[in-house]
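Asks: Quick one, fold the following:
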Amino acid sequence: MSIDYFEMIIMPMLEGAKITLLLFAIVILLSIPIGFVLTLAVRSRIKPLSWLVQGFIYVMRGTPLLLQLLFICFGLPLIPVIGEYLVLDRFVAACVGFVLNYSAYFAEIFRGGLLAIDNGQYEAAKVLGFNRWQTMTKIIIPQMIRVSLPTVSNESITLVKDTSLLYAVAVPELLHFAQTAVNRDATIVPYFVAGFIYLMITLALTWVLKRIERKYRFE
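Replies: Numbers count the residues shown, from 1 in each chain. The predicted model follows:
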């Protein structure tokens with residue numbers, strides 16, 4: 001394979017990688033705070049709200065992400081009466097599906113982080129005169145972040161790989177351009193190039209996440 005061929009296939013793939021990174025950024029920025037809110041809702045004393053959120057989390061974690069994407073992209077428009085108002089741009093629909101799915105996973109991660117905190121922390125805060133808000137923001141949440149961060153990091157790396165599911169809903173991301181080149185040129189080289197780009201993205205992300213983990217570990 002010539003250098004010219006590599007240049008020809010890598011430019012479209014890098015354009016696709018931009019879509020991959022854009023989706024990753026949107027999902028991380030939205031699903032982490034939403035996941036934390038869901039965690040608080042599960043712990044709410046309002047039982048119907050807690051049950052409703054637990055049901056949502058169960059459905060999102062219990063069904064394949066690909067099925068959820070297909071339903072949002074192609075299923076919602078088929079709903080009688082209101083379907084015509086639920087037609088979304090493919091990329092927007094994919095963002096919605098990813099955010100809902102990863103919010104559920106992050107909610108469980110944060111719930112585990114909260115459960116890992118000893119009850120004595122709450123009692124000590126009460127003795128010191130902290131109200132509920134001060135207890136959560138100054139004591140509980142910082143510890144929850146420290147406990148949950150490694151799992152959040154792993155889930156974030158998984159998200160990079162899951163972005164390849166955009167291919168199934170016809171969003172032109174990295175894998176789409178790799179598959180196009182394979183079909184056109186009858187060679188597997190584009191697969192290796194795509195794999196290398198994914199590895200570089202995950203390597204950079206892993207480096208950033210390790211630095212964040214180290215910072216929280218020594219604070």
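
Asks: Give me the contacts around stretch 161-174.
Replies: Under the contact criterion CB atoms under 8 Å, 6 or more residues apart in numbering, stretch 161-174 has outside partners 13, 15-17, 19-20, 23-24, 65-66, 69-70, 73-74, 90-91, 93-94, 98, 175-176, 179, 194, 197-198, 202. Any C-beta I mention is one placed from the backbone N, CA and C, and that applies to glycine too.

Asks: most remote residue from the chain's center?
Replies: residue 127 (38.2 Å; CA atoms, centre = their mean).

Asks: OK, contacts around that one?
Replies: If you count contacts by CB under 8 Å, 6+ apart, residue 127 has none.

Asks: which one's the longest helix in this protein?
Replies: Using DSSP state H to define each element, the chain has its longest helix at helix 3-42.

Asks: how far is that helix from where the chain is centred?
Replies: Distance, stretch centre to chain centre, for helix 3-42: 9 Å (CA atoms, centre = their mean, to the nearest Å).

Asks: How about residues contacting whatever helix or strand comes next after that helix?
Replies: The helix or strand immediately downstream of helix 3-42 is helix 47-62, counting by DSSP states H and E. Residues outside helix 47-62 that contact it (CB under 8 Å, 6+ apart) are 38, 41-44, 68, 100-101, 103-105, 107-108.

Asks: pLDDT of helix 47-62, averaged?
Replies: On average, the pLDDT along helix 47-62 is 94.

Asks: give the contact list for the most centrally placed residue in the chain.
Replies: Centroid check for the chain by CA atoms, centre = their mean gives residue 102 as the closest residue, at 4.3 Å. Listed by CB under 8 Å, 6+ apart, the contact partners of residue 102 are 27, 31, 35, 155, 159.

Asks: who's in contact with the third one?
Replies: So the one you mean is residue 35. By CB under 8 Å, 6+ apart, the neighbours of residue 35 are 102-107, 109-110.

Asks: who wins for neighbours among the residues you listed?
Replies: Neighbour counts for the contacts of residue 35 peak at residue 107, which has 27 neighbours (criterion: other CB atoms under 10 Å).

Asks: Find the nearest non-adjacent residue to that one, please.
Replies: Counting by CB to CB, 6 or more residues apart in numbering, residue 107 lies nearest to residue 38, which is 3.8 Å off, once chain neighbours are set aside.

Asks: Residue 11 versus that neighbour, what's the distance?
Replies: 40 Å (CB to CB, to the nearest Å).
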